[in-house]
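S.K.: Return a 3D structure for these sequence lines:
(one chain, ligands or ions: 1)
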Amino acid sequence: MKLFSIIGNPVLHSKSPILFGYAYPNSSNEFAYFRMASQNVSEAMQLFHELGLTGMNVTAPFKNDIARLADVRGPEVEAMQASNTVVLENGKICAYNTDIFGVSGSIENGGVTIAGKRCLVLGAGGAGSAAAYALHSKGGEVTIANRTLEKAAQLAARVGCKACALNEIEKIIPQADLIVNTLYEDVDVVNEAWLKPTHIIFNAIYHNSKLASKAKKAGCKFIDGAYWLLFQGPPAYRRFTGLEPDLENMKKALLPQKTPKHIALIGFMGAGKSTVAPLLGRQLNMPVIEVDAVLEQKCGNTIPHIINEKGEVFFRQKEREVLEEVLASPTPSVISCGGGAVTQPELRKLLKENSIVVWIYASPEKCVNRIDVPSRPILARHADPYSAAVELFEKRKFMYAQTSWMLVSSNHRTPEQVSNFIYEEVGKVLRG
Ligand code: S3P
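M.R.: Here you go, the predicted structure:
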């Protein structure tokens, strides 16, 4: 079963930068891929090891930090000092950069042969490095232009090409065949009068930039940056899974997706779902639904009583009924799910279809320390709740992973910080 497309998310494709995503096999060699909201590379790597992950995509602004941190670096990472794909191989963190295939794939897909082309790369940051490396390795004659000449010169020396300052491009553009723009939307350095219909422009910026409209007006061949995202995907997917990706499926993930109306919080007991939900609801101005509370009201009894007296099968059935009803409601809500909701395949599917699913994660040990064990019959029935929690979490983690759009760790965050983090990330999706 293929659960993900490496370039986007089966539920949502946010225009905002993906902080981290990772591939994660279970015992039957299925894979799950989702985002990990992380404030820095150390936190991401800590979670990578703690969760037993095997691969991770990395986006700006963490590409340089992850390259530094890796045990083994591919030659392209050595040259660019940046990585977008890390894979655990024989216990070592190996860093690769598939952005170079994003560049060459996009250009070649546009019917352009790179070999022999005079190429001008605007910008010497992460994207500029990938462009310069990719074009040079495909036989292009590359010049890197950057506001700080020194930075362009350093990159050019590592890649083996030429460098110039941005104020020199007026002289270079008439001789160039291919211009790759990696500068931010608001940096406007190319004069429309310098462009000719014979120019090929590849705009690494996904959003419309000033250069995009100028290129179109000047009649240049224009290649959209969205292809970069597409073509960096397959080589990362191969590294993660050892399988051949379905490019058509990946293309679909690039299309605008419908944003689900609800926000569902999933995760182990004690991760912080019920504490974070009201904070997030307040921030987003959305009502909050605590599934366990609705269930207790519906059954007229407490959860421990229901599970102990009527059994877990009965409880799961009620949990399914309540969550189905809540997810079908037209009022967008923040839904705090019970820790075991993801064990039901129908609910995993419904959650993904109807909500932006956020996995609040804390280590099982931390979770047990935070909860009142007797009120959680699933753990209370075991003599040692710690080892029971570790075992149960191991059984469930793939289900959390395959259901969620994004993980946020509450290991070292207060509920307010968790809520703020979710608010920021989910807000980018809601705002479009
Ligand atoms: C359960 C988690 C609980 C509650 C029930 C079962 C589970 O919810 O639904 O005790 O199986 O993990 P919380 O995660 O809110 O504690």
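S.K.: Going by C-alpha atoms from here, please, whenever you check contacts or count neighbours.
M.R.: Will do.
S.K.: from the stretch 151-300 of the chain, which residue is nearest to the ligand?
M.R.: Per Cα to the nearest ligand atom, residue 269 is where the stretch 151-300 of the chain lies closest to the ligand, at 3.4 Å.
S.K.: which parts of stretch 343-353 are buried?
M.R.: Using 16 or more other Cα atoms under 10 Å as the test for burial, stretch 343-353 gives 343, 347, 348, 351, 352, 353.
S.K.: likewise stretch 386-396?
M.R.: Neighbour-count burial for stretch 386-396 [16+ other Cα under 10 Å]: 386, 388, 389, 390, 392, 393, 396.
S.K.: returning to that earlier point: from the buried residues of stretch 343-353, which is closest to the ligand?
M.R.: For those, the nearest to the ligand is residue 343 (8.3 Å; Cα to the nearest ligand atom).
S.K.: Might one say that the closest one is in contact with residue 399?
M.R.: Yes - contact criterion Cα atoms under 8 Å: residue 343 and residue 399 qualify, at 6.7 Å.
S.K.: Kindly report the domain assignment for this structure.
M.R.: Here the domain parsing of the chain from automatic domain parsing is 4-96+233-252, 101-224, 262-430.
S.K.: residue farthest from the centroid of this protein?
M.R.: Distance from the centre of the chain peaks at residue 309, with 42.5 Å (Cα atoms, centre = their mean).
S.K.: Can you list the neighbours in contact with the helix or strand hosting that one?
M.R.: Element membership for residue 309 (DSSP states H and E) is helix 303-310. For helix 303-310, contacts defined as Cα atoms under 8 Å, 6 or more residues apart in numbering pick out 292, 296, 314, 315, 375, 376, 377.
S.K.: Report the two of these separated the most.
M.R.: Maximum pairwise distance in the contacts of helix 303-310, criterion Cα to Cα, is 17.6 Å, between 314 and 375.
S.K.: Could you pull up phi and psi at residue 265?
M.R.: Main-chain torsions, residue 265, degrees, to the nearest 10: phi -100, psi 120.
S.K.: any idea how far residue 412 is from it?
M.R.: From residue 265 across to residue 412, the span is 18 Å (Cα to Cα, to the nearest Å).
S.K.: okay, those two: which has more neighbours?
M.R.: Neighbours were counted for residue 265 and for residue 412 using other Cα atoms under 10 Å; residue 265 has more, 26 against 10.
S.K.: Wait, that one touches residue 340, no?
M.R.: No - at 11.9 Å, residue 265 and residue 340 do not qualify as touching, with contact defined as Cα under 8 Å.
S.K.: for the stretch 101-250 of the chain, which spans come out with low pLDDT?
M.R.: Applying pLDDT under 70 to the stretch 101-250 of the chain picks out residues 206-208.
S.K.: for it, what spans make up the strands?
M.R.: 118-122, 141-146, 162-165, 178-181, 200-203, 221-223 (DSSP state E, counting those that start in this stretch).
S.K.: for the ligand, what are the nearby residues on this structure?
M.R.: Within reach of the ligand by Cα under 6 Å from any ligand atom, the chain has these residues: 268, 269, 270, 292, 338, 339, 340, 376, 377, 378.
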